[in-house]
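In: Sequence plus predicted model, see below.
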Amino acid sequence: MYAIIADLGRQYKVEEGQILEIDFREAKAGDKLTFDRVLAVSNESGFTLGTPTVGGATVSAKVIGETKGDKIFVQKFRRRKNSKRRTGHRQKYVKVVIESIA
């Protein structure tokens, strides 16, 4: 059984028990999250596609904690101008485990 959910502009294919990194939000470890925008659900009885969402379908998840992604370096360079700049960025994520698809 799996579901396709939309969260903050991204789509995820999730299954029960799956550990997932989603975009950062203020949540503590142990908090419950509910995703209401379920785009599709597949189970034993078949596949249900929403228009645009499946009515009454929800996915619940439990927050494990916060993580950070890999460091990304951005380099800007203007030739012959003695102009260089290098900056770094690490994206924050929230790690969740999918508990149930209803």
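Out: In hand now; what should we look at?

In: Could you list the residues in contact with stretch 59-72?
Out: Contact with stretch 59-72 is made by 3, 5, 14, 19-21, 24, 27-35, 38, 88-102, as judged by Cβ atoms under 8 Å, 6 or more residues apart in numbering. All C-beta spots, glycine's among them, are computed from the backbone N, C-alpha and C.

In: pLDDT of it, averaged?
Out: The pLDDT scores in stretch 59-72 average 96.

In: One more: stretch 10-28?
Out: Stretch 10-28 comes out at a mean pLDDT of 95.

In: just the buried members of the contacts of stretch 59-72?
Out: For the contacts of stretch 59-72, a burial check counting by 16 or more other Cβ atoms under 10 Å picks out 3, 5, 14, 20-21, 27, 33, 35, 38, 93-94, 96, 98, 101.

In: Now intersect these with the strands, please.
Out: Counting by DSSP state E, the part of those found in strands is 3, 5, 14, 20-21, 33, 35, 38, 93-94, 96, 98, 101.

In: In CSV: those, plus distance to residue 44.
Out: Formatted as CSV, these follow (distance: Cβ to Cβ, whole Å):
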residue, distance to residue 44
3, 14
5, 20
14, 17
20, 23
21, 28
33, 25
35, 21
38, 17
93, 32
94, 31
96, 25
98, 18
101, 12
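
In: and the residue nearest the centre of the chain, what is it in contact with?
Out: Centroid check for the chain by Cα atoms, centre = their mean gives residue 22 as the closest residue, at 2.7 Å. Shown in contact with residue 22 (Cβ under 8 Å, 6+ apart): 7, 8, 10, 12, 93, 94, 96.

In: what sits opposite it in the beta ladder?
Out: residue 94 (DSSP bridges).
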